[in-house]
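Peer 1: give me coordinates for this.
(one chain, ligands or ions: 1)
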Amino acid sequence: MAYNGVLAQYGHLMDLPAHTLPITLLEGNTPLIPMPGLAAELGGGFELYVKFEGLNPTGSFKDRGMTAAVSEAAGRGAKAVICASTGNTAASAAAYASRAGMRAVVIIPDGKVATGKLAGAMAYGAEVIQIKGSFDDALNLVVQISQRHPIALVNSLNPYRLEGQKSSAFEICDTLGAAPDWLCLPVGNAGNITSYWMGFRQYNTLKQSGLPRILGVQAEGSAPLVIGHPVEHPETVCTAIRIGKPARGEEALQAAEESNGRIIAMSDDAILAAQRQLASHGVWVEPASAAGVCGLVHQIRTGQLDPKGKRIVAICTGHGLKDPDIITRQAATPRALPATLAAMEEAILGER
Ligand SMILES: *Cc1c(COP(=O)(O)O)cnc(C)c1O
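Peer 2: Here you go, the predicted structure:
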């Protein structure tokens, strides 16, 4: 049967109003990629998969929730959507709004958004406003604007975003035949960890699919859920999780606790190393998206998580193409050589 997006596939399991008018780009249905090579590097004896959410239509998992939020807004006749964004929400909101013929206004923190994300929002025709402030300031502003004007808020404070994002948990259970033993993922504003836990619990009630333990991973310079209080000036190269006061923080802590999992913080260096390690096995993700794998590697290496005989899924939330600069900045510029066979042979086969 043709695939028609997450609302067609799993909408009956989402709490959406009857007026919802499906707006889709056929998001979801992302691959669950086996990672035997990476598992072997970590000692082997377990199954490891990457759920590659960077293969959604706008390059991040945000599309799963955005199809639900924009479909609901379109169904009640909204003419505009607004969001605060570290980038991926902006690109996704812009794409779905354009699909629905609605205005999209996105507010982003000044100078802190990765190139591929800003370009996406612009390409889909969003009205992009930078503020001299943080993501948290931007979120404050869009909440106030949506309360004062008929403009639909599509940040993950919007409950329909979480409903749509549950679809990834359903897909994982359907692909594996059950929930994995562990689920590892990055945590920023904490909507995603919240919706995975909602989704797994719902599927377990319906189909006895079991429940994963959840390992949430923040970046050290932006780890309010690990240190126990908001971070006023969050700092990390992982722009997608550079959030000091997560809107769904309470729910995230609850998901970790109820699942018998935990939320930990990893350094930028360790996360970038995990990004390279993933790429060395063919999966290039943006820095924040490597946080889940980074936390898993750390927990296994320090003996805090015994993977033996387990089935582990790491969520890679966004595509590497979103943030090309982080790679090109660190890499040497390719050499320019004469266009001769001799020069090529020397470069490829000669002493290095
Ligand atoms: C939004 C985002 C996150 C964080 O998700 P939350 O729901 O805010 O915790 C992580 N990675 C990427 C690529 C994102 O776009």
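Peer 1: contacts and neighbour counts: CA atoms only from here.
Peer 2: OK.
Peer 1: can you list the domains in the chain?
Peer 2: If you go by automatic domain parsing, the domain ranges for the chain are 6-59+161-329, 62-158.
Peer 1: lowest average confidence across the ones you listed, which one?
Peer 2: For these, the bottom mean pLDDT is recorded on domain 62-158, which sits at a mean of 93.
Peer 1: that domain close to the ligand?
Peer 2: Yes - contact of domain 62-158 with the ligand (C-alpha under 6 Å from any ligand atom) involves residue 88.
Peer 1: next one: that domain to chain centre, how far?
Peer 2: Averaging C-alpha positions (C-alpha atoms, centre = their mean, to the nearest Å) puts domain 62-158 16 Å from its chain's average.
Peer 1: kindly check the end-to-end length of that domain for me.
Peer 2: Counting by C-alpha to C-alpha, to the nearest Å, you get 13 Å between the two ends of domain 62-158.
Peer 1: just stretch 72-84 next, same as before
Peer 2: 19 Å.
Peer 1: contacting residues around it?
Peer 2: Applying C-alpha atoms under 8 Å, 6 or more residues apart in numbering, the contact partners of stretch 72-84 are 16-17, 19-22, 70, 89-90, 93, 97, 100-108, 135, 138-139, 142, 146, 150-155, 160.
Peer 1: contact residues of the protein facing the ligand?
Peer 2: So the chain meets the ligand at 60, 88, 186-192, 240-241, 288-289, 317-318 (C-alpha under 6 Å from any ligand atom).
Peer 1: buried subset of those residues?
Peer 2: 60, 88, 186-192, 240-241, 288-289, 317-318 (16 or more other C-alpha atoms under 10 Å).
Peer 1: check which element follows the helix or strand where residue 183 lies along the chain.
Peer 2: According to DSSP states H and E, residue 183 maps onto strand 182-186. On the C-terminal side of strand 182-186, the closest following helix or strand by DSSP H and E is helix 191-207.
Peer 1: which strands and helices sit next to the helix or strand that that next one is followed by?
Peer 2: Next in sequence after helix 191-207, counting helices and strands by DSSP H and E, comes strand 213-219. When contacts are defined as 3 or more C-alpha pairs under 8 Å, 6 or more residues apart in numbering; DSSP states H and E, strand 213-219 sits against strand 182-186, helix 249-258, strand 262-266, helix 291-301.
Peer 1: so for this structure, the centremost residue is which one?
Peer 2: Ranked by distance to the mean C-alpha position of the chain (C-alpha atoms, centre = their mean), the top residue is residue 317 at 2.9 Å.
Peer 1: pull the residues that contact stretch 187-195.
Peer 2: With contact meaning C-alpha under 8 Å, 6+ apart, stretch 187-195 is reached by 156-157, 162-163, 165-166, 185, 216-218, 240-243, 245-249, 251-252, 255.
Peer 1: quick check on the residues you listed: which are buried?
Peer 2: Among the contacts of stretch 187-195, the ones that count as buried by 16+ other C-alpha under 10 Å are 156, 162-163, 165-166, 185, 216-218, 240-243, 245-249, 251-252, 255.
Peer 1: the strands in the protein, which residues?
Peer 2: 32-34, 47-52, 80-84, 103-109, 127-131, 152-153, 182-186, 213-219, 262-266, 311-316 (DSSP state E).
Peer 1: spatially nearest residue to residue 166 (excluding sequence neighbours)?
Peer 2: Take residue 166 and drop its neighbours on the chain: the residue closest to it by C-alpha to C-alpha, 6 or more residues apart in numbering is residue 199, 4.5 Å away.
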